[in-house]
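# With the input below, show me the fold.
(2 chains)
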Amino acid sequence: MAELIFSGVSKRFEGTTALNDIDARIGSGEFVALLGPSGCGKTTLLRLAAGFEAPTGGEIRLGQRVLASATAFVPPEDRNIGIVFQSYALWPHMTVAGNVAFPLEVRGISGAERARRVAEALELTGLSAYGARFPAQLSGGQRQRVALARCLVAEPGAVLLDEPLANLDLALRASMQEAFAAFHRRTGATMLYVTHDQTEALALADRVAVMREGRIRQFDAPETLYARPRDCFVAGFVGDGAVIGCRAVGPLTRAGLVVEALGQRIEARGDDPAPTHLCLRPEDVVPDPDGPLTARVSAVRYIGGRFRLVLETEAETIVTVSPQRAAMGELLRLRIRHPWAFRDPDAPVRPWAELCDA
Amino acid sequence: MTSAVARTGVGRSPDRLISLLLLPVALIALGPILRLLAEGLGYGEGLTFAHVGEVMGRNSTRIALWHSLVTAGGGTVISVLIGAAFAFVVALTDIRAKAALVFCLMIPMMIPPQITALAWMQMMGPSSVLLKTLGIAPPMGSPQPLRSAGGIALLLGIQHAAIVFLTLRAGLRMIPADLVEAARMSGARGWRVWGRIVLPLSLPSLAAGAAMTFVTALGNFGIPAMLGIPARYSTLPTLIYQRLTGMGPSVLPEVAVLALLIGAVAIAGVLLSRLMLSRRSLGLVGLSGRPLALALGSARIWVEAGLWAFIFLILVLPLLALLATSLVPAYGVPLTFGSATFDAWNEVLLRQPVTRRAYANSLLLAGLASVILMAVALPLAWVMSRRPTIWTRAVDTLVDLPYALPGVVLAIACILAFMRIPFTGITLYGTLWIILIAYLARFLVVMLRPVQAAIGQLDPAMEEAAASAGARLGRRLWRIVLPLAAPSAAAGAILVFLTAVNELTVSALLWSSGTETLGVVIFNLEDSGETVMASALAMSIVVLVIALMGCVQIGAARLPKGVVPWQN
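I've put the predicted structure just below:
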C-alpha cells in the first residue's frame, strides 16, 4: 500500500474542463471518499488514477512512482491499482474463482500459490462457498464482494471504488457499508471511494473530498466537514440545515465572534474575522419559550423519534428538530446556539473594520 | 457519462497497430470498385466518356435496363404486398407461432435464387413432375408461364419479401404502444387506428424496405438467368453475363460500363433507403416496453390459416415439386411409389466429379470466408467501437458497399482488379482465390454487424477491469472480448457460410473449369437439360440451408439483439 498523490491535475474533454488544478494527497492506508453531485468530476478523477484517461496537465504519483505526468504515462495494466466498478464488471463467462484468479494468472502466478491466494481472497470476502458459481448465479451483494476480492487478490497499491453501492437496495447497502469498513480495517488498503451519497461518504471515510465543477472545495475529516464547512456549497451539500447571510459585529477571539444575522446578535464559532455566512445546523436552532427569535412553522416531517421543522423567520428559512410535533403555521420562539460562521470565498469581502466605519 | 468517457480512451501503441487492419480491409473491400470506376472512365487511355456513350447508345443496353427496372419494380410491388401483410399481422396482432412463421418466411430469401426458379418451374408448366403425378399438367407444348417478365417479377417478389418484412417489423416495433392506446381512448377503433396512426408512422420503414428490395431485385442474377435467358429476355445482370461468357475478357471495358450503370441505380436505391430510415426515427423517441398486440378474437384462426396457406403455396409446394423431380428416374416420367428412386441424388452427391468438386469448392470457399472474416471482424469491430476515428467511421460506412452493390458489379470489379495484380505479373483470374477475395469483400459486412452488435453491448468496464488486473490488449481481446462476442461471431460465421454457399452471381462470372461452385453447377445442369440432377443437387442444398438456419435459430435466444437478422 502506498500514498496516492495528485498535484495540479487537470483534465479537459474537447474544450470542457472536467477537472481543474486538483491537489490531493491520500495517505498510505487511508480511506478517502470523493463526494459531489453528478458531473462534478469525481469519476473522472478516479479514471485518471486508474489510467483509463490521461490528465491534460499535472502529475499523479503512487508512492515514489510517477503514474502520469507531462512526460510519462503508465497504462492501467502496469499501475497495480485495483478498481471496483459500479456495474461490478464481473466477467460472465468465468466462475467466481476464475474471476478472482485472473489478476494472478496475468502475473504468471500459478499452481498452489494461486489457489492459496484465491482461497484467501474468497474467505476474506465471505465467498468461500461460491467459488464454482458463475456471476449470473449470485445476488447483487455477492457480486459486489466478488469484485472486491478480484481487485484485492493482486495486492494492489491502491483500491478505487466507483459508486460501488449505487446498484444495491437500501438494506443491502447498509450491510455492505459495514463490510467495506471491516474490510478496510483488516487489509489496511489505500482506498479512494467515489459516491454522491453523503451518508455513505461520512460513514465510511477517514477523510472526504467534496467536489464541485471540477474542483475540490474542501478535503477534511467527516466531522470537520459537518462542523466547520469552508464555503456555502459544502455547508449546504453536507448535512442538514440552512445557510444564511451574516456580518461580523465584533472582533474575532479564541471563542469565536459576534455576528449579526436574523436581526439578532449571535455568538458564533469561527476562525475568520470577516465571515459572510452562518451554517445553521438543526441542533443550533433550539426551541425556547424565552428565546429572542420568532418563527412560523411551514413544514413538519417525522424522521423517527423526532420531528424536522422548517421555520420561516422574517427574512430566512431555517431548520430545526424537535421532540414534539408542531402545528403548521404555529409560532415558535427560538434561540440560536453557537453556529459556525465562515467566509465564502465567492462572496464579496466585507471586513468588520469597514462595517464599523460605516 | 461513463461510455462517453470510455470512447475518448488513451491512445497506446497496440491499439494503433490494430488500426492498421483498416488498410487491407479498405483495399479489398473498396479497391476493386474504384478500379471498376476507373475502367468505365477509360483507365489507361485518359479520362473519356467514349465507352459510356457507346454502350449507353446501344439498343441492347436500353432494353436490358428497361427489363431490369420493370422486373425489379414489379418484384418490389409483390414483395411489399407480401412483406407488409406479414409484418403488420406479426407485429401488431396476437397470432400464435410467430417465430415459426417468420422462420418460414425467411427461407425463400436464404435459398439460392436459381433454386427458387428451378423449384417453381417444377411446380408449373407442362413437364412438371408434380402436376403430372397429380394428373393436372397442362398439355405438352404449352409454354412455361414463368418464362416471362411477369414470372421473373413474381419470383423476385417472393424471394425478397423478407426484406420488406424485416424493415417494416423493426419500424413497427419502434411505435410506442401508448400512441395506439391514446388513439383508442380518443374513440378510434380497428381500421381507423391502423389507417390514421400505425400506417403513417410506419410509412418511412415501408419505403426503406421497398427501396432495399428494389436494389436487391435489381442485382438478382439467378432468377432472370434461369427464366429469362431461355426466353431471350435479358436484364442488365444477364446481359453482362452473356457478353462476358460469349466474348471473353475483351469486352471488359464495355461490361464495366454496364456494371457501373446498374451500380448507379443500386446506389440511388440504397441512399433513398437510408434517407427513409433516418426519417423514421424522428418523433418516435422513447421505446415502449410493451409491443402492440391487438386481439383478433374469433378472426384469429382464419388469419393464421390464411398465412400458413400462403407459406404452403410459396414455400412448401415449390419444394415438394423440386423434391418430386429429384426422385424420378428420367425427366418427364410421372412419380409413383414404384418409379421413385434416389439415383439422381446418388449421382450428384457421390459419383459425378463436377458436382462433387462443386460441393468441395463451395464448402471450402464458404468455410474459408467465414473463418477469415471472423478473424478480421473481431479486432475490426473492437477498434470501431472502442477507438473510433474518422477512418474507422469511413470504413464502417463503406463496407456496406460491396454487399449492397449487385453481385455482377463486384464480380466485374474483381476481374478488373485481379486480372493482373498491380506491380506483379500474377493473375488470380480463373483461380479459386479470386472468388475467395470477392467473397471476403462482399460478406465482410454480414460478419461485421453481428460482432459489432455484441461488442457494442459489452460494458467497457469489463475490459477496464481486465486492464486494471494487469492484462494487456492482446490478452484482454483473447480472454474477455472474444469469449463474450463468440456466440455472435459464430452466428455471423454461419450467416456468411450460408450466404456464400448460396452465392451464384459473383461466381457465375468468376468461375472457370475446376473452380465451379454449387450455384454455377445447378445453373449449368439445368442449362444442359439435366433437370433431375439439378433438382437433386438443389434439394440437397435446401436441406443444408435449412439445417444451418435451424442452428442459428436454436442459438438465437442466447444471442444479443441484432445478431440474428430475422430476429430483431
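# Make sure A:Ala315 is indeed in a strand.
No: A:Ala315 sits outside any strand when classified using DSSP: H, G, I helix; E, B strand; the rest coil, being coil.
# what number of residues lie near the residue in the stretch 251-400 of chain B that chain A sits nearest to?
Residue of the stretch 251-400 of chain B nearest chain A, by Cβ to the nearest Cβ: B:Arg386 (11.4 Å). Just so you know, the C-beta spots here come from the backbone N, C-alpha and C atoms, and that holds for glycine as well. Neighbours of B:Arg386 under the rule other Cβ atoms under 10 Å in any protein chain shown: 19.
# Isn't it up against B:Pro460?
Yes: here B:Arg386 reaches B:Pro460: they are 7.1 Å apart, a contact under Cβ atoms under 8 Å.
# I'd like to know how far A:Met191 sits from A:Ser28.
11 Å (Cβ to Cβ, to the nearest Å).
# who's more crowded, the two?
Relative neighbour count places A:Met191 above the other of A:Met191 and A:Ser28, with 26 against 14, counting by other Cβ under 10 Å.
# Okay, that one and A:Ser175: tell me how far apart.
In terms of Cβ to Cβ, A:Met191 sits 18 Å off from A:Ser175.
# before we move on, the earlier item: report pLDDT for the residue of the stretch 251-400 of chain B closest to chain A.
On pLDDT, B:Arg386 comes in at 85.
# cool, B:Leu373 as well?
B:Leu373 is assigned 91 on the pLDDT scale.
# Kindly report the same for B:Val10.
Reported pLDDT for B:Val10: 45.
# Now do the contacts for B:His67.
B:Ala149, B:Pro224, B:Gly228, B:Tyr233, B:Ser234, B:Thr235, B:Leu236 (Cβ atoms under 8 Å, 6 or more residues apart in numbering or on different chains).
# what do you get if the cut-off is 6 Å, keeping everything else the same?
Residues near B:His67 by Cβ atoms under 6 Å, 6 or more residues apart in numbering or on different chains: B:Thr235.
# that's a strand at it, yeah?
No: using three-state DSSP, the secondary structure at B:His67 is helix, not a strand.
# Domain map for chain A?
If you go by automatic domain parsing, the domain ranges for chain A are A:4-227, A:240-357.
# Report the mean per-residue pLDDT for the first one.
The predicted model assigns domain A:4-227 a mean pLDDT of 89.
# Do that domain and chain B come into contact?
Yes: interface with chain B: domain A:4-227 contributes A:52, A:54, A:75-77, A:83, A:85, A:87, A:89, A:91, A:93, A:102-103, A:106-107 (Cβ under 6 Å from any Cβ of the partner chain).
# Need the max-distance pair from these.
Greatest spatial distance among these (Cβ to Cβ): A:Ala54 and A:His93, at 30.3 Å.
# more neighbours, the two?
In this view A:Ala54 and A:His93 are compared by other Cβ under 10 Å, and A:Ala54 has more residues nearby, 18 against 15.
# Going by secondary structure, residue 181 is in what exactly?
This is for chain A. Taking DSSP states H and E as the criterion, A:Ala181 maps to helix A:170-187.
# not what I meant, chain B
Going by DSSP H and E, B:Glu181 is in helix B:177-185.
# Quick one: mean pLDDT over that helix.
Mean predicted lDDT for helix B:177-185 stands at 72.
# Only C-alpha atoms, please: export it in PDB.
Taking C-alpha atoms only, helix B:177-185 is exported to PDB below (Å, rounded to 0.1, in the frame of the first residue of the first chain):
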ATOM      1  CA  ALA B 177     -48.000   1.200 -27.700                       C
ATOM      2  CA  ASP B 178     -49.300   4.200 -25.900                       C
ATOM      3  CA  LEU B 179     -49.700   6.100 -29.200                       C
ATOM      4  CA  VAL B 180     -52.300   3.400 -30.200                       C
ATOM      5  CA  GLU B 181     -53.800   3.400 -26.800                       C
ATOM      6  CA  ALA B 182     -54.200   7.200 -26.900                       C
ATOM      7  CA  ALA B 183     -56.000   6.800 -30.300                       C
ATOM      8  CA  ARG B 184     -58.400   4.300 -28.800                       C
ATOM      9  CA  MET B 185     -59.000   6.500 -25.800                       C
END
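# That one packs against which elements?
Identification of packing neighbours for helix B:177-185 by 3 or more Cβ pairs under 6 Å, 6 or more residues apart in numbering or on different chains; DSSP states H and E yields no helix or strand.
# how close does A:Val310 sit to chain B?
From A:Val310 over to chain B the distance is 33 Å, taken as Cβ to the nearest Cβ, to the nearest Å.
# And for A:Leu225, nearest residue in space, chain neighbours not counted?
Of all residues not flanking A:Leu225 in the chain, A:Val238 sits nearest, at 4.9 Å (Cβ to Cβ, 6 or more residues apart in numbering or on different chains).
# Equivalent analysis for A:Gly82, please.
Computed as Cβ to Cβ, 6+ apart, the closest residue to A:Gly82 that is not its neighbour in sequence is A:Cys151, at 3.0 Å.
# what's the spacing between the strand or helix carrying the one you found and its chain's center?
Using DSSP H and E, A:Cys151 maps to helix A:140-152. Taking Cα atoms, centre = their mean, to the nearest Å, one finds helix A:140-152 lying 22 Å from the centre of the chain it belongs to.
# Could the C-alpha coordinates of it be exported in PDB?
Below are the C-alpha coordinates for helix A:140-152, written out as PDB (Å, rounded to 0.1, in the frame of the first residue of the first chain):
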ATOM      1  CA  GLY A 140     -26.100  -8.200  -6.000                       C
ATOM      2  CA  GLY A 141     -24.200  -8.100  -2.700                       C
ATOM      3  CA  GLN A 142     -22.300 -11.300  -3.500                       C
ATOM      4  CA  ARG A 143     -21.300  -9.900  -6.900                       C
ATOM      5  CA  GLN A 144     -20.100  -6.800  -5.200                       C
ATOM      6  CA  ARG A 145     -17.900  -8.900  -2.900                       C
ATOM      7  CA  VAL A 146     -16.500 -10.900  -5.900                       C
ATOM      8  CA  ALA A 147     -15.500  -7.600  -7.500                       C
ATOM      9  CA  LEU A 148     -13.800  -6.600  -4.200                       C
ATOM     10  CA  ALA A 149     -12.000 -10.000  -3.900                       C
ATOM     11  CA  ARG A 150     -10.900  -9.800  -7.500                       C
ATOM     12  CA  CYS A 151      -9.300  -6.400  -7.100                       C
ATOM     13  CA  LEU A 152      -7.600  -7.300  -3.800                       C
END
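# who touches that helix?
A:82-84, A:88, A:90, A:96, A:99-100, A:121-122, A:125, A:127, A:135, A:159, A:168, A:172, A:176.
# Could you give me the ChimeraX syntax to select whichever of those are buried?
Only the buried entries of those go into this ChimeraX selection, using 16 or more other Cβ atoms under 10 Å in any protein chain shown:
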select /A:82,83,84,88,90,96,99,100,121,122,125,127,135,159,168,172,176
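# Of the contacts of helix A:140-152, which belong to strands?
A:Gly82, A:Ile83, A:Val84, A:Val159 (DSSP state E).
# Is it correct that the third one is in contact with A:Pro164?
Spelled out, that is A:Val84. Yes: applying Cβ atoms under 6 Å as the test, A:Val84 and A:Pro164 come out as touching, 5.0 Å apart.
# how about the residues of chain B near chain A?
B:10, B:12, B:459, B:461-462, B:464-465, B:467-472, B:480, B:483.
# sorry, back to before: going by distance to B:Ile78, which of the residues of domain A:4-227 next to chain B wins?
A:His93 (45.4 Å).
# and the gap between the residue nearest to the closest one when sequence neighbours are not counted and B:Ala377?
Ranked by Cβ to Cβ, 6+ apart and with sequence neighbours excluded, the top spatial neighbour of A:His93 is B:Pro483, at 4.5 Å. Separation of B:Pro483 from B:Ala377 (Cβ to Cβ) stands at 15 Å.
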